[in-house]
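> Fold the stuff below for me.
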Amino acid sequence: MTPESTPAVQLPADARLAAEAVTLGYAQRTISDNLTVRIPDGSFTVIVGPNACGKSTLLRGLSNLLSPAAGQILLDGKKIAGYPSKQLARELGLLPQSSIAPSGITVADLVARGRYPYQNLVRQWSKADATAVAEALAATNTTSLSTRLVEELSGGQRQRVWVAMALAQQTSVLLLDEPTTFLDIAHQIELLELFRALNQDGRTLVAVLHDLNHAARYATHIIAMKDGQVMAEGHPREIITAELVERVFDLPNVVIEDPVTGSPLVIPLGTAAP
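Residues are numbered from 1 along each chain as shown. You can find the predicted model right below:
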């Protein structure tokens, strides 16, 4: 069944992607039950929470990598499972938590795989594809690596190459599972600045991040999860409080204003604090 033949569900005007009363899990283990999440269109949404709280599981559900046992994942009001794979890949891109490149592949060839959804028997490689790849390499500062083998790169370099492949896909929605993994602090900020620029350019981004202060600085919308459920969601300045951080992370803390951006800045007190 195609999405066109599936009756549409009425979502709020500001949400294209949503999980409606879903149950998500693996085998006999349920991670989230009766979970409803709606991603504001045009937002940079960041999902935060302690380890094993269901952040990446939710992202896998939203990306159609994990089918819900109950409820439904919707894109533009239609069940995401009903989309043909190439059509979905032109709408929604995913950077998974861990990716393995084929042995012997160059950076340029890997990034070019982001153009697969646009290829068919009639339409082969085009100037538009070459331009998309060149722009993705430039945006991630990996142009100089284009002839290198992916297996020769450092962990941080490989992560930026995978981001480039996702960007080459040129989707309006981009899902990112721990995209700053393996990156040093300078490259983390560089990548987050890129994501903010993409968001300001009109893309909807959904990312799982472990660094709460990065989330508070760059997100326009935060979803805080614990034990498979949403504890709070909204703009960082509205929901990031010391009380919420302690309730979600079991971490005594104070929240102050970031002196550079004015966003909430979480300062852990630690066990030695009075």
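> Please count neighbours and contacts with C-alpha atoms only from this point.
OK.
> any weak-confidence spans in this protein?
Within the chain, the stretches with pLDDT under 70 are 1-13, 121-122, 271-274.
> for it, what spans make up the strands?
15-26, 29-40, 44-48, 70-75, 78-79, 92-95, 173-177, 204-208, 221-226, 229-234, 253-257, 264-268 (DSSP state E).
> right, and those strands - which one's nearest Ser144?
Ser144 lies closest to strand 92-95 among those, at 21.5 Å (CA to CA).
> before we move on, the earlier item: now tabulate the strands of the chain in CSV and tack on distance to Glu193 and mean neighbour count.
Compiled in CSV, these are given as follows (distance: least, CA to CA, whole Å; neighbours: other CA atoms under 10 Å):
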stretch, distance to Glu193, mean neighbour count
strand 15-26, 23, 21
strand 29-40, 20, 18
strand 44-48, 12, 27
strand 70-75, 27, 21
strand 78-79, 32, 23
strand 92-95, 17, 24
strand 173-177, 14, 23
strand 204-208, 13, 25
strand 221-226, 16, 24
strand 229-234, 21, 17
strand 253-257, 20, 15
strand 264-268, 18, 19
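> From Thr140, how far off is the residue lying closest to Ser103 once chain neighbours are set aside?
Computed as CA to CA, 6 or more residues apart in numbering, the closest residue to Ser103 that is not its neighbour in sequence is Glu151, at 7.0 Å. Look at Glu151 and Thr140: by CA to CA, to the nearest Å, they are 18 Å apart.
> Please identify which of those two sits among more neighbours.
Each of Glu151 and Thr140 has its neighbours counted (other CA atoms under 10 Å); Thr140 has more, 21 against 16.
> you'd agree the more buried one is up against Arg160?
Yes - taking contacts as CA atoms under 8 Å, Thr140 lies within contact range of Arg160: 6.0 Å.
> Sounds good, over and out.
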